[in-house]
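Peer 1: Build me a model from this:
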Amino acid sequence: MNGINLKDAGLAGLSGLILTASFSPIGLDWIAWISLIPLLVSIKDKSSIVALRLGLLAGLCHYLTLIYWIVVVLSNYGNISLILSLGVLTLLSLYLALYIAFFALIVIGFKKYGLSPFWGASVWVALEYARTHIMTGFPWCLLGYSQYSRLPLIQISEISGVYGISFIIVLVNIVLYKIFFTYNPTERKLMAIEITLTFFLVGFILIYGYVNLREKADTNLEGKGLRAVIIQGNIDQSLKWNPDFQERTLAIYNKLSGKSVDFRPQIIIWPETAVPFFFQDRSYLSKEVFKAAKITNSNILFGSPAYVKDKDDIFYYNRAYILSENRVFDHYDKVHLVPFGEYVPLKKYIPFVHRLVPAAGDFSSGKEVKPINTPDLRIGVLICFEAIFPDISRKFAIQGAELIVNITNDAWFGHTSAPYQHLSMAVFRCIENGLPMARAANTGISAFILANGKIVDKSGLFVRDVLKKEIKLRQNKTFYSQSGDIFAILILIITIIRSLWILTTTRRR
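Peer 2: So this is what the prediction gives:
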């Protein structure tokens, strides 16, 4: 059958909806292990073009329901009409859906060579890796992130990154699909081998995870402790950049920070742009930040916009500072900027689209990824959605960072699924690099995450909160932090080589 009937369309759409349900905040993570089966059933015995369309349909159903929060961001804060916001969501969802469409196309296009579970999983991971890097990358909620709370399973990320979890999920999906929907007595031996290999691979990953969790238990770790405090100011986004509210903002952060004095913190962390003015100008407002450090006898890490003048040009940066009561130790400028949030790509072609951050002109990217230092501590600071790009935190780790700090302002997202999803992805940065994380979010979700990915304390959404935790610091470089995405890169190379070989062989025939 060359066309798409209602049953096939329903199955493909079901796959997309199941994929979304596996992520936070719905969090039916177990359903990810069968999420692709309806799509695989729908494209069985279909032509390549029909498989492509069904894959696109599955992708659209997935991404329209996964990243719907883009409409909230654009319509509420971007001064963009609801219709245009829906158009942006649809276009981005179409782009992301292409990756699932290509997965379906490749799987069905090479059906003469059989659907090996390991081949299908490789194709999926290769496409995820491509999505992470093409057009600055948007690796939001890769399939493996759905398992962020399954700590034994995801410990293997310290070797493979999140891609290893995606690989095993797709592998199991295809094995189950073959068992229940394509059983062929003549292929019993091959299927038995595939099932056995998959069983042992899953078993190995779980055993590795349980052993690793025991070794990484906070009580077993040696090294210095750090008394850290996270301040969640819950500053209304509509007031955040209002000059008349700046003093009130600092008063809120100073008051909340003062509540931690009895804990004797060594570092207090405020969110991204918690200081909504140019701190570097050293105005009377800047003195209030130093005052907070003096009152608490602690170092303060916070976000603030910054600028650098170069002749007639001014370059703006999204910056993180760390200071004591009498000096600024260091700063870091955000490297990976948010399109439309911090700059407008192709600005002259779309003049009707404005940035969401009104504090300055378009931001510029920081010049390098480097930890910020105090005399006693090296910190890798991830600003906002830099936390979804594994390579940034990895660079911090190989430069000796002892702690990852993620400062962010998720107020843009409102009461949507995005803050939950953003937190779930941050968990993997800890496991990949064997480092704990302190995550300070303006409106939530703030959290302390151990090196093994366990969330040991977190705030609610849209509340003012003070989180206090003594965490153990580490400088144990993992395989991932030293080798990066070698697993995904090898999978990509293998997938390209095999695809070219199959295409060449088919043409010769």
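
Peer 1: correct me, but Ser362 touches Ile314?
Peer 2: Heads up, residue 362 is Asp, not Ser. No. At 10.6 Å, Asp362 does not count as touching Ile314 under the criterion of C-beta atoms under 8 Å. For glycine as for every other residue, the C-beta is placed from the backbone atoms N, C-alpha and C.

Peer 1: what about Ile207, neighbour count?
Peer 2: 11 (other C-beta atoms under 10 Å).

Peer 1: likewise the one 5 residues further on?
Peer 2: A total of 19 residues lie near Asn212 under the criterion other C-beta under 10 Å.

Peer 1: Surely Ile471 is in a strand?
Peer 2: Yes. Under DSSP: H, G, I helix; E, B strand; the rest coil, Ile471 sits within a strand.

Peer 1: Count the neighbours of it for me.
Peer 2: 22.

Peer 1: That one touches Pro436, doesn't it?
Peer 2: Yes. Shown here, Ile471 and Pro436 form a contact pair, counting by C-beta under 8 Å, at 4.9 Å.

Peer 1: Quickly list what's touching both of these two.
Peer 2: Common contact partners of Ile471 and Pro436 (C-beta atoms under 8 Å, 6 or more residues apart in numbering): Leu403, Phe448, Leu450.

Peer 1: Following element in sequence after the host helix or strand of the second one, please.
Peer 2: With the criterion set as DSSP states H and E, the secondary-structure element containing Phe448 is strand 447-449. For strand 447-449, the succeeding helix or strand toward the C-terminus, using DSSP H and E, is strand 455-458.

Peer 1: That following strand: partners in the sheet, and parallel or antiparallel?
Peer 2: Strand pairing for strand 455-458, using DSSP bridges, gives strand 447-449 (antiparallel).

Peer 1: Which positions within the partner strand qualify as buried?
Peer 2: Ala447, Phe448, Ile449 (16 or more other C-beta atoms under 10 Å).

Peer 1: Among these, which one lies nearest to Glu194?
Peer 2: Glu194 lies nearest to Ile449 out of the buried residues of strand 447-449, by C-beta to C-beta, at 35.7 Å.

Peer 1: Contact partners for the closest one?
Peer 2: Ala426, Val427, Cys430, Pro436, Met437, Ala438, Arg439, Ile455, Val456.

Peer 1: and if you look at Cys430?
Peer 2: Ile404, Pro436, Met437, Ile449, Leu450, Ala451, Asn452, Gly453.

Peer 1: Tell me which residues touch Ile26, please.
Peer 2: Thr20, Ser417.

Peer 1: Buried ones from the contacts of Ile449, can you make that a ChimeraX selection?
Peer 2: In ChimeraX, selecting the buried portion of these, with burial taken from 16+ other C-beta under 10 Å, looks like this:
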select :426,427,430,436,437,438,439,455
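
Peer 1: Reformat the contacts of Ile449 as a markdown table; add pLDDT, distance to Leu285 and secondary structure.
Peer 2: Below are the contacts of Ile449 laid out as a markdown table (pLDDT from 0 to 100; distance: C-beta to C-beta, whole Å; DSSP: H, G, I helix; E, B strand; the rest coil):
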| residue | pLDDT | distance to Leu285 | secondary structure |
| --- | --- | --- | --- |
| Ala426 | 97 | 30 | helix |
| Val427 | 97 | 35 | helix |
| Cys430 | 95 | 34 | helix |
| Pro436 | 94 | 32 | coil |
| Met437 | 96 | 29 | strand |
| Ala438 | 97 | 25 | strand |
| Arg439 | 97 | 25 | strand |
| Ile455 | 95 | 34 | strand |
| Val456 | 95 | 34 | strand |
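
Peer 1: Could you take the contacts of Ile449 and lay them out as CSV, with extra columns for distance to Ala130?
Peer 2: Below are the contacts of Ile449 laid out as CSV (distance: C-beta to C-beta, whole Å):
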residue, distance to Ala130
Ala426, 23
Val427, 23
Cys430, 25
Pro436, 31
Met437, 27
Ala438, 32
Arg439, 28
Ile455, 30
Val456, 35
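
Peer 1: Thr196: which of the contacts of Ile449 is nearest?
Peer 2: Val427 (31.0 Å).
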